[in-house]
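**Student:** Sequence isn't available, so here's the structure alone:
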């Protein structure tokens, strides 16, 4: 599963970078054109659409890189078995939360099907779909982390005591 997640991470990084470049370019060009006196109203909607995807794809990349904020100052003082138990429980709670977000995200996307962006003839579902898709990717990442935690031996735990995962 590690190779699949690495491939997904590369795709997420590429899409995220392209979308960020698109957002910055679009906002910059829209500002210039507005300054000249010809505002481009649709640029805000496109930027909003891209931003939602950047946030959720970026959240999964950060999760894969162990870049989310964590407080492990006290946890690292516990013995190996206690640290492993805490990491396992933490991963299970996060997975449960992500399942809830996926379910409600799909419902939100379905409910927003007929809602259109203000200036685009595009369903708002394309923006809200970023929530369940990004959460599903994070769920896969957390399942992989949970598997690694369960398989972890005490020797490797000592090496990884400096990181949250």
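**Tutor:** Thanks, I have it. What you see is a predicted model, and the numbers here were worked out from it, not measured in a lab.

**Student:** which residues touch the residue nearest the centre of the chain?
**Tutor:** Ranked by distance to the mean C-alpha position of the chain (CA atoms, centre = their mean), the top residue is residue 59 at 2.6 Å. Residue 59 sits next to 68, 134, 138 when contact means CB atoms under 8 Å, 6 or more residues apart in numbering. Just so you know, the C-beta spots here come from the backbone N, C-alpha and C atoms, and that holds for glycine as well.

**Student:** Cross these against helices and list the overlap.
**Tutor:** Under the assignment DSSP state H, the contacts of residue 59 contribute 134, 138 to helices.

**Student:** Just the buried ones from the contacts of residue 59?
**Tutor:** Among these, the ones that count as buried by 16 or more other CB atoms under 10 Å are 134, 138.

**Student:** Who are the packing partners of the longest helix seen in the chain?
**Tutor:** For the chain, the longest helix by residue count, based on DSSP H, is helix 2-36. In terms of contacts (3 or more CB pairs under 8 Å, 6 or more residues apart in numbering; DSSP states H and E), helix 2-36 is packed against helix 42-64, helix 130-151.

**Student:** Quick check: buried residues in the last one?
**Tutor:** For helix 130-151, the neighbour count (16+ other CB under 10 Å) marks 130-142, 144-146, 148-149 as buried.

**Student:** now it: mean pLDDT?
**Tutor:** If you average the pLDDT over helix 130-151, you get 95.

**Student:** So what touches it?
**Tutor:** Here helix 130-151 makes contact (CB under 8 Å, 6+ apart) with 1-2, 5, 8, 12, 52-53, 55-57, 59-60, 63-64, 84, 87-88, 91-92, 94-95, 98-99, 101-103, 105-106, 108-109, 165.

**Student:** Tally up the residues packed near the closest residue to residue 54 other than its chain neighbours, please.
**Tutor:** Of all residues not flanking residue 54 in the chain, residue 19 sits nearest, at 4.8 Å (CB to CB, 6 or more residues apart in numbering). Residue 19 is flanked by 20 other residues according to other CB atoms under 10 Å.

**Student:** my guess is residue 19 meets residue 48, correct?
**Tutor:** No. With contact defined as CB atoms under 8 Å, residue 19 does not reach residue 48; the gap is 11.6 Å.

**Student:** still on that earlier bit, in TSV, list the helices and strands packed on helix 2-36 along with distance to residue 114.
**Tutor:** Listed next are the helices and strands packed on helix 2-36 as TSV, based on distance: least, CB to CB, whole Å:
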stretch	distance to residue 114
helix 42-64	16
helix 130-151	18
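
**Student:** What mean pLDDT does stretch 102-111 get?
**Tutor:** According to the model, stretch 102-111 has a mean pLDDT of 95.
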